[in-house]
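A.B. asks: pasted the sequence and its predicted model underneath.
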Amino acid sequence: MSSLLSDPRIRLGACVLAMAVVGGLAVVTHPKQPTVDPQAAAKSPARSVVNRTALACPALSQGGKQASVVNGVAPVLPEGTPTATGNATPLSIIALASTADPIGSLLVRGKIASSTAATKPETLSIRGTGPLAAGAVGTSTTTAATGVNSGMASAPCQLPGSDFWFVGASTAPGRRDVLTLTNLDSVNAAVNVTIYSNKGQLELPSARGLVIPARSTYELFLDQVARSQKDLALHVESTGGRVAPALRDYASKADQTPAGVDWIGPAAPPATKVYVPGSAPGKGQRTLVLVNPTDLQATIRLTVNGPNGPFKPAALETVRLPAGAVMAVKLEAVLNGDPSGVSLESDQPVTASLRMTDKDNSDFASIGAAETLTGPAYLVLPAHKQEALLQVTAPGTKPASVKIDLRDAAGKSLLSRAVDVVAGSTTKIPFKAATGPTYLTVEQTRSSVVAAVTLMPAAKPGDDDTPEVAAWPLNTSLVFRAQLGAQPDVRAALR
């Protein structure tokens, strides 16, 4: 026996056999190799209920007599939707300073909270932890009868992130655009802003390496970094920390009288299929602005999703956009005053926004390309003196349907119904004027949809009416956060 064990080959075989026995036990006691590749994990991500929220609610600059308010809500979620455990701690509407006191509180689900109307605009936030955080949304709105801030400027409060696109800015005569970067966190953030024009990507070192101090807002005046550029697109990337950007846009007429102020909303990231919802009905300018950030020319096929179905506008069915360039396309003649959406198919990733004015060119609104809904979407609407219009577009080849629910500030349902949308078309659902804030739920139930709410002045406004032009996109609510699907490696406990 000893002579056998003296043979190295026999000893090696014995070791292998012993390892095999241990390995046989491992079949029962040891889990499979964990997934550590992020790309593989992303294919089947786990979901974690949101239990913390922080939203930045932008504000205009000082200018004339105005009233600014932030409305927020923790909406009623679909039945069976899980929320974080623990007590329903209120969410606060609060200024950025760490020592600030709340100026509004979201106390229970389904009831809207509002800040006190302020004459001096200030960037606010909606923040807090606990069960009320899931799905929380807000809207910042400023109205003024006269001055540089005349009209209505309203935008959803923005969730901080690290990558954003804005399309439709300008530094041409009659425009004054300002990129605001809000940092809600307690550490500084660093940001690079890449700017594209009709001449291609601009080399602008002064727009890179921007430092946004903790709990503050930084303003980048575009005419100081890219003068006399008619159409611009911005790519905002955080290289450290998170920011919540917003693009403030002032317009004036040839005689320098104000022509409104509003926010240019974020656009969906560049893709080969892009959907722009919410072209409001009525007269006025409708300008589609496109950007191609790639190194190759893009061939874009344009389809209008009107109330009677899809059509390709004559002479605009195909648009060729040079590499790195921005282009504006006038659409008012082909839209014919109908509520519509616009679908784009491109051989290169592109994105877009739509700018619309009232018939007198006294106020305007912009809306960026949106991603199709994959779950419930919530939107807080400020008080409005005119009829608002929900526009739901089914951009694909299949009919779609949604469930909508409009509630008042106390949570009472004002309108609840199911809506079918013909394939390729846009369906409109009007909402009556409201003296107080309301909130809307849109839940996609069949096929793909994009949606937005638009507001335009009455056909025959009163002498004292302030023009109200606005457009709010509907985006899938943040109720869950995706988590990497990596499994814990428990082998260390067995060693």
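C.D. replies: Yes, it's here. Numbering: from 1, shown residues only.

A.B. asks: ok, now which ones touch the closest residue to Pro160 other than its chain neighbours?
C.D. replies: Nearest residue to Pro160, sequence neighbours excluded (CB to CB, 6 or more residues apart in numbering): Arg242, at 3.9 Å. C-beta: built from backbone N, CA, C; applies to glycine. Residues in contact with Arg242 (CB atoms under 8 Å, 6 or more residues apart in numbering) are Pro160, Gly161, Ser162, Asn183, Leu184, Asp185, Ala189.

A.B. asks: narrow these to just the buried residues.
C.D. replies: With burial judged by 16 or more other CB atoms under 10 Å, the buried subset of the contacts of Arg242 is Pro160, Asn183, Leu184, Ala189.

A.B. asks: of those, which belong to helices?
C.D. replies: Among these, none falls in helices (DSSP state H).

A.B. asks: which of the residues you listed fall within strands?
C.D. replies: Asn183, Ala189 (DSSP state E).

A.B. asks: next, format the buried ones among the contacts of Arg242 as a markdown table and append pLDDT.
C.D. replies: Formatted as a markdown table, the buried ones among the contacts of Arg242 follow (pLDDT from 0 to 100):
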| residue | pLDDT |
| --- | --- |
| Pro160 | 97 |
| Asn183 | 98 |
| Leu184 | 97 |
| Ala189 | 98 |
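
A.B. asks: using JSON lines, lay out the buried ones among the contacts of Arg242 together with distance to Ile264.
C.D. replies: JSON lines is the format used below for these (distance: CB to CB, whole Å):
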{"residue": "Pro160", "distance to Ile264": "18"}
{"residue": "Asn183", "distance to Ile264": "20"}
{"residue": "Leu184", "distance to Ile264": "21"}
{"residue": "Ala189", "distance to Ile264": "21"}
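
A.B. asks: and the buried ones among the contacts of Arg242, which is closest to Gly368?
C.D. replies: Pro160 (17.4 Å; CB to CB).

A.B. asks: from Thr139, how far out is that closest one?
C.D. replies: 17 Å (CB to CB, to the nearest Å).

A.B. asks: swap in Val422?
C.D. replies: Distance of Val422 to Thr139, computed by CB to CB: 30 Å.

A.B. asks: and if you look at Val329?
C.D. replies: Going from Val329 to Thr139 by CB to CB gives 29 Å.

A.B. asks: from what I see, Leu55 and Thr139 are in contact.
C.D. replies: No. Counting by CB atoms under 8 Å, Leu55 stays clear of Thr139, with 10.0 Å between them.

A.B. asks: find residues that contact each of those two.
C.D. replies: Common contacts of Leu55 and Thr139, defined by CB under 8 Å, 6+ apart, comprise Gly72, Cys157.

A.B. asks: just give the nearest non-adjacent residue to the residue nearest the centre of the chain, would you?
C.D. replies: Among the residues of the chain, the one closest to the centroid is Pro266, at 5.6 Å (CA atoms, centre = their mean). Excluding the flanking residues, the one nearest Pro266 by CB to CB, 6+ apart is Phe164, at 5.0 Å.

A.B. asks: list the contacts of the one you found.
C.D. replies: Residues in contact with Phe164 (CB under 8 Å, 6+ apart) are His235, Val236, Pro245, Pro266.

A.B. asks: give me the more crowded residue out of Val422 and Thr139.
C.D. replies: Thr139 (24 against 15; other CB atoms under 10 Å).

A.B. asks: the more buried one pairs with what?
C.D. replies: With DSSP bridges as the criterion, Thr139 is bridged to Asn71, Pro156.

A.B. asks: and it, what pLDDT?
C.D. replies: At Thr139, the model reports a pLDDT of 98.

A.B. asks: now Pro461
C.D. replies: 65.

A.B. asks: repeat for Ala259
C.D. replies: Looking at Ala259, its pLDDT is 86.

A.B. asks: what about it, helix or strand, and which?
C.D. replies: When elements are assigned from DSSP states H and E, Ala259 belongs to strand 258-264.

A.B. asks: neighbours of Val167, just the number please.
C.D. replies: Counted with other CB under 10 Å, Val167 comes out at 33.

A.B. asks: swap that for Asp405, please
C.D. replies: By other CB under 10 Å, neighbour count at Asp405 equals 18.

A.B. asks: now Ala333, what's its secondary structure?
C.D. replies: Secondary structure assignment for Ala333 (DSSP: H, G, I helix; E, B strand; the rest coil): helix.

A.B. asks: do the one 5 residues further on as well
C.D. replies: For Asp338, the reduced secondary structure class is coil; criterion used: three-state DSSP.

A.B. asks: so it sits against Gly309, correct?
C.D. replies: No. Asp338 lies out of contact with Gly309 (CB under 8 Å); the separation is 11.2 Å.

A.B. asks: any low-confidence regions in the chain?
C.D. replies: Scanning the chain for pLDDT under 70 picks out 1-47, 461-464, 481-495.

A.B. asks: tell me where it has helices.
C.D. replies: 2-5, 8-29, 38-42, 222-225, 332-335, 491-494.

A.B. asks: what are the contacting residues of the fifth one?
C.D. replies: Okay, so that is helix 332-335. Contacts for helix 332-335 (CB under 8 Å, 6+ apart): Ser279, Lys283, Gly284, Gln285, Arg286, Val304, Gly306, Pro313, Ala314, Leu316.

A.B. asks: the second one contacts Lys359, doesn't it?
C.D. replies: Yes. Contact criterion CB under 8 Å: Lys283 and Lys359 qualify, at 3.8 Å.

A.B. asks: where's the closest residue in space to Pro82 that isn't next to it in sequence relative to Leu91, distance?
C.D. replies: Using CB to CB, 6+ apart and skipping residues adjacent in sequence, the residue nearest Pro82 is Val49, 5.4 Å away. As defined by CB to CB, Val49 lies at a distance of 15 Å from Leu91.
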